[in-house]
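*Asks:* fold the following, please.
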Amino acid sequence: MSSASVTRRPRNARAIALLWPVCLTLASLAALTAATSAARAQTGDSSAKSDDPRSSLAGGHWVDAAEASHNLDLIAHRARPKDFINTDDPGDFHFINSDIAFSGHFAVQGNFNGFQIWDISDPASPTLRTSLVCPGGQGDPSIYGKLMFFSVEERRARVDCGTQGVTDSVSADRFRGVRIFDISDIDHPKQVAAVQTCRGSHTHTLVPDPKNPKVVYLYVSGTSPVRPGAELAGCSTGAPDVNPNTSLFRIEVIRVPVDTPQAAKVVNAPRIFADAATGAANGLWKGGSHGNGTQTTNVTDQCHDITVYLAIGLGAGACSGNGILLDVRKPGDPKRIADVSDPNFAYWHSATFSNDGKKVIFTDEWGGGIAPRCRATDPPKWGADAIFTLVDNKFQLAGYYKMPAVQTDKENCVAHNGSLIPVPGRDIMVQAWYQGGVSVFDFTDPAHPQEIAYFDRGPFDVNKLVLVGFWSAFWYNGYIYGSEIGRGLDVFQLKPSEYLSQSEIDAANLVHFAQYKPSDQQKFTWPASFAVARAYLDQLKRKSGLSSDQTAQIASELDQAEHLQKRQQRGALKKLASQVSGDAKGSADPDRVRALASSIKDLANANG
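*Replies:* Alright, predicted model coming up:
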């Protein structure tokens, strides 16, 4: 077994204490933190491991804290640039890092004060290419072609990106919604449009029109209080039985003509929480406790994140009190087709489909990201991931995953943003856990998810909870990029281990995207490659899907075939594919054997 490594970075003189990553509104946070210690004690059978190296790391500011890593190498770190730190008040939450989107060899890292664009041509040595100060949080970016979309929800944000803020309660200068930038000149991003919305944009989901590449839609999830109608016509608040036009209990859909983004506008505000029988807008979870020993769950009047997987025509919405399934085949008019609640969830935060679309992971941001929720006394199903299988477009709970190392009460820790890693034949995800670090886990068997790699730093301050840590950790074209709220940008590379072979890593690295953001989930496909065949073979070895004699013979014949001339190689591979296909009948893992046979056949056909 590969061992975890613990290191201590040299002390940095710039000790910057960061405070308050505003991932939810204050009203939501109050509800999220209402779970009592008595309720925790009733379900406090935590499976977290206090003997894990991550549980006793020495603290320290910046990157001078001790680090623990297991099967994951930190290959680069970059601090936040000067315009994204308030040096007079290092704890100013107006300057925190948020999410990441990718385009070519650039990574756009959001920040509550604007965004940074990193050149990641050499992932081991990222360089800051440009940045743009444009205050307003939440700083959630996505990219389509030359356009970059940017979520804004704070009342201080201005239409002109000014830093002076807005003091009036109603102002034509205020901007809350989605900004649109032209980034065709990467060194000079230019705002070309800005679409106002009633609750601002906490996050947004990019949804390309599958029938028209010149049109994209944005599903806007707003979590802030509704702005006054005097500031933006049509906005109003209140319960839907009193005010049927309330801006609560809905999302907003923006249509963007790619060639004329200045014409972007809100075209729909679907009430995706409505009761199917009565049409009542508040048709899902009404908020509150599920019973003795359960979480207090937020009312379903908003979505925090929506992930759309156009390849299967579905979207998964993490919508405060519920997880929902959407039919997005008509992207401008999403329809809810299923929903689920969970007594262990406080706030449904984000969603990820498995590559085959048969599973959905939902995260619970218990405590809103600002509280320590990975202590020994915290229940393992609270602040965790819930893994559901999809059967006839209905959710079936299969299991839970929570980062397994105990963290201190000085470390904010809870499930947050992540993405799939494209290992063929397996469901593997990398995920951020704030000060719980980065965790990589396998959920191929959803009832028994298993951590296979991690990286973590000690607490920022051993005397008080200072709210830093990883906002997101995303795989992109062979590397994992972590957006650290206070410390900056981290780049990681997976290491082979007993859980993940070099061939599996090599196969994953064959998948490349031109542009990528996990909420616009794209299907992984693999080219014909010996690495893919060997990845399946390594999995059969690991799980004894075939006998050791069978796997040794297949490995030998693959090695021999790889060194043959093209015509001879094709014949040898066709013969081997047929042989392996026949082995499926007596296998303990026939589906994986057939996948191996198919990958060998693809290799043969590639030589045809």
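
*Asks:* quick one, domains of this structure?
*Replies:* Domains of the chain are assigned by automatic domain parsing as 5-516, 530-606.

*Asks:* lowest mean pLDDT across the ones you listed, which one is that?
*Replies:* Ranked by mean pLDDT, the domains of the chain bottom out at domain 5-516, with a mean of 91.

*Asks:* returning to that earlier point: winner for burial among the domains of the chain?
*Replies:* Each of those was scored by mean neighbour count; the highest is domain 5-516, a mean of 20, by mean count of other C-beta atoms under 10 Å. Bear in mind the C-beta positions are built from the backbone N, C-alpha and C, glycine included.

*Asks:* quick revisit: of the domains of the chain, which is nearest residue 523?
*Replies:* domain 5-516 (4.2 Å; C-beta to C-beta).

*Asks:* can you tell me the distance between the two ends of that closest one?
*Replies:* Terminal residues of domain 5-516 are spaced 31 Å apart (C-alpha to C-alpha, to the nearest Å).

*Asks:* mind putting the domains of the chain into JSON lines with distance to residue 522?
*Replies:* Formatted as JSON lines, the domains of the chain follow (distance: least, C-beta to C-beta, whole Å):
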{"stretch": "domain 5-516", "distance to residue 522": "6"}
{"stretch": "domain 530-606", "distance to residue 522": "18"}
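
*Asks:* which stretches of the stretch 201-350 of the chain form strands?
*Replies:* With DSSP state E, counting those that start in this stretch as the criterion, the stretch 201-350 of the chain has strands at 203-208, 215-221, 252-257, 265-268, 288-289, 296-297, 305-309, 314-319, 322-327, 335-340, 348-353.

*Asks:* minimum distance to residue 123: which of those has it?
*Replies:* strand 348-353 (22.6 Å).

*Asks:* now distance to residue 374 too, for the strands of the stretch 201-350 of the chain, in CSV please.
*Replies:* Shown next, in CSV, are the strands of the stretch 201-350 of the chain (distance: least, C-beta to C-beta, whole Å):
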stretch, distance to residue 374
strand 203-208, 23
strand 215-221, 26
strand 252-257, 34
strand 265-268, 39
strand 288-289, 22
strand 296-297, 19
strand 305-309, 21
strand 314-319, 20
strand 322-327, 22
strand 335-340, 24
strand 348-353, 15
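
*Asks:* which among the domains of the chain is found nearest to residue 524?
*Replies:* That would be, of the domains of the chain and by C-beta to C-beta, domain 5-516, which comes in at 4.0 Å.

*Asks:* any idea where the helices of the chain begin and end?
*Replies:* Here the chain has its helices, by DSSP state H, at 26-32, 37-42, 502-508, 530-542, 548-562, 566-583, 590-606.

*Asks:* ok, the closest residue to residue 386 other than its chain neighbours - contacts?
*Replies:* Distance criterion C-beta to C-beta, 6 or more residues apart in numbering; nearest residue to residue 386, sequence neighbours excluded, is residue 362 at 5.1 Å. Residues in contact with residue 362 (C-beta atoms under 8 Å, 6 or more residues apart in numbering) are 316, 318, 323, 342, 345, 348-351, 385-386, 388.

*Asks:* give me the distance between residue 362 and residue 401.
*Replies:* Distance from residue 362 to residue 401, counting by C-beta to C-beta, to the nearest Å: 11 Å.

*Asks:* again with residue 201
*Replies:* For residue 201, the distance to residue 401 - C-beta to C-beta - is 29 Å.

*Asks:* nearest to residue 102, of the contacts of residue 362?
*Replies:* If you rank the contacts of residue 362 by distance to residue 102 using C-beta to C-beta, residue 350 comes first, at 17.5 Å.

*Asks:* give me the neighbour count for the nearest residue to residue 606 once chain neighbours are set aside.
*Replies:* In this structure, residue 606 finds its nearest non-sequential neighbour in residue 528, 4.0 Å apart by C-beta to C-beta, 6+ apart. Neighbourhood size, residue 528 [other C-beta atoms under 10 Å]: 17.

*Asks:* in this structure residue 528 contacts residue 598, no?
*Replies:* No. Taking C-beta atoms under 8 Å as the definition, residue 528 is not a contact partner of residue 598, at 10.2 Å.

*Asks:* which ones are touching the closest residue to residue 49 other than its chain neighbours?
*Replies:* Nearest residue to residue 49, sequence neighbours excluded (C-beta to C-beta, 6+ apart): residue 404, at 5.3 Å. By C-beta under 8 Å, 6+ apart, the contact set of residue 404 is 47-49, 52, 451.

*Asks:* same thing with residue 490?
*Replies:* Listed by C-beta under 8 Å, 6+ apart, the contact set of residue 490 reads 74, 76-77, 438, 455, 470, 481-482, 484.

*Asks:* ok, it to residue 239 distance?
*Replies:* From residue 490 to residue 239 the distance is 44 Å (C-beta to C-beta).

*Asks:* ditto for residue 215
*Replies:* According to C-beta to C-beta, residue 215 and residue 239 sit 35 Å apart.

*Asks:* over to residue 510?
*Replies:* Distance, residue 510 to residue 239, by C-beta to C-beta: 52 Å.

*Asks:* kindly report the same for residue 483.
*Replies:* Residue 483 is 37 Å from residue 239, by C-beta to C-beta.
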